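Engineer: Got a predicted structure here, sequence first:
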Protein chains: 2
Amino acid sequence: MGPPYQRHVFVCTNRRPDGHPKGCCATKGAEAVKDLLKAETKLRGLKGAVRVGSSGCLDTCEHGVSIVVYGAAEPPGGTWYERVTVQDVKEIIDEHLVGGRPVERLRMQPAPPAPKPAP
Amino acid sequence: MGPPYQRHVFVCTNRRPDGHPKGCCATKGAEAVKDLLKAETKLRGLKGAVRVGSSGCLDTCEHGVSIVVYGAAEPPGGTWYERVTVQDVKEIIDEHLVGGRPVERLRMQPAPPAPKPAP
């Protein structure tokens, strides 16, 4: 029995060495996204029902900044977002974390197939 | 649409300054627990179905090392564990991550009520 989080938001803040081919969420502004999500959910009195935190690599590096929302009010597989910026935070809070409607335009899309190796 | 993780394991590895009254999971061996969970799940070929990663503070500091398991095969509120050590890792993998039976003895218990202030 854990805390009764209705929505538990994990923002990938993983940092890889400069020049790593996979890149990382940290260099795409993940900390700022997480900090703003935390501050805004607190301001709106969502503490207790909504928890925002950081996570290590979610293994969706090409989608970064990657976010997954789990919790009692979410589908078991979670709700996944990609390429989130600080400009998206207000909409995620208003529509999803408060309104219960995931932001469709930010949903994680299937990764394109890897290019075939040259013959 | 995110990765199809059946079980997505978040190990709190949050570190607070020495002497902080809440303590933290980092000083209780959280990194070693996470590293062993990652290594063992990889060895058993669970990659793809099971994802192990670190998380920031889960706000269950008094239960540390704290772990929550979300994912498509979990209840939406997740499965929460407390006071996990490296000695518990094999049982968590065998019983829960492979067998689908949470380890009851490690389940997070409700926190005791805070002591009343002195009159």
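Structural biologist: That came through, no problem. Small disclaimer: the values here were computed from a predicted structure and weren't measured. Numbers count the residues shown, from 1 in each chain, chains lettered A, B, ... in the order given.

Engineer: Wait, a helix at A:Lys38?
Structural biologist: Yes: counting by DSSP: H, G, I helix; E, B strand; the rest coil, A:Lys38 is part of a helix.

Engineer: So which residue is smack in the middle of chain A?
Structural biologist: A:Ile67 (1.3 Å; Cα atoms, centre = their mean).

Engineer: Who does it form a beta bridge with?
Structural biologist: On the basis of DSSP bridges, A:Ile67 is bridged to A:Val11, A:Tyr81.

Engineer: and it, how far is that from A:Pro102?
Structural biologist: As for A:Ile67, its distance to A:Pro102 is 11 Å (criterion: Cβ to Cβ, to the nearest Å). All C-beta spots, glycine's among them, are computed from the backbone N, C-alpha and C.

Engineer: Quick one: residues contacting the closest residue to A:Val68 other than its chain neighbours.
Structural biologist: Nearest residue to A:Val68 in three dimensions, chain neighbours excluded: A:Gly78, at 4.6 Å (Cβ to Cβ, 6 or more residues apart in numbering or on different chains). Residues in contact with A:Gly78 (Cβ atoms under 8 Å, 6 or more residues apart in numbering or on different chains) are A:Val68, A:Val69, A:Tyr70, B:Gly2, B:His8, B:Tyr70, B:Gly71.

Engineer: farthest pair in the residues you listed?
Structural biologist: Spanning the widest gap among those are A:Val69 and B:Gly71, at 12.8 Å by Cβ to Cβ.

Engineer: All the strands of chain A, in order from the start?
Structural biologist: For chain A, the strands defined by DSSP state E cover A:7-12, A:50-55, A:67-70, A:79-81.

Engineer: what helices or strands is the second one leaning on?
Structural biologist: The contact analysis (3 or more Cβ pairs under 8 Å, 6 or more residues apart in numbering or on different chains; DSSP states H and E) places strand A:50-55 against strand A:7-12, helix A:30-43, strand B:50-55.

Engineer: Also the first one?
Structural biologist: Applying 3+ Cβ pairs under 8 Å, 6+ apart, we find strand A:7-12 packed against helix A:30-43, strand A:50-55, strand A:67-70.

Engineer: who in chain A is up against chain B?
Structural biologist: Contacts of chain A with chain B, taken as Cβ under 8 Å from any Cβ of the partner chain, map to A:1-5, A:8, A:10, A:13, A:51, A:53-60, A:68, A:70-80, A:107-110.

Engineer: List the contacts of the spatially closest residue to A:Gly100 that is not a sequence neighbour.
Structural biologist: With Cβ to Cβ, 6+ apart as the criterion, A:Gly100 has its nearest non-adjacent residue at 6.9 Å, and that residue is A:Ala73. Counting by Cβ under 8 Å, 6+ apart, A:Ala73 makes contact with A:Gln6, A:Arg7, A:Gly100, B:Pro76.

Engineer: Perfect, that will be all.
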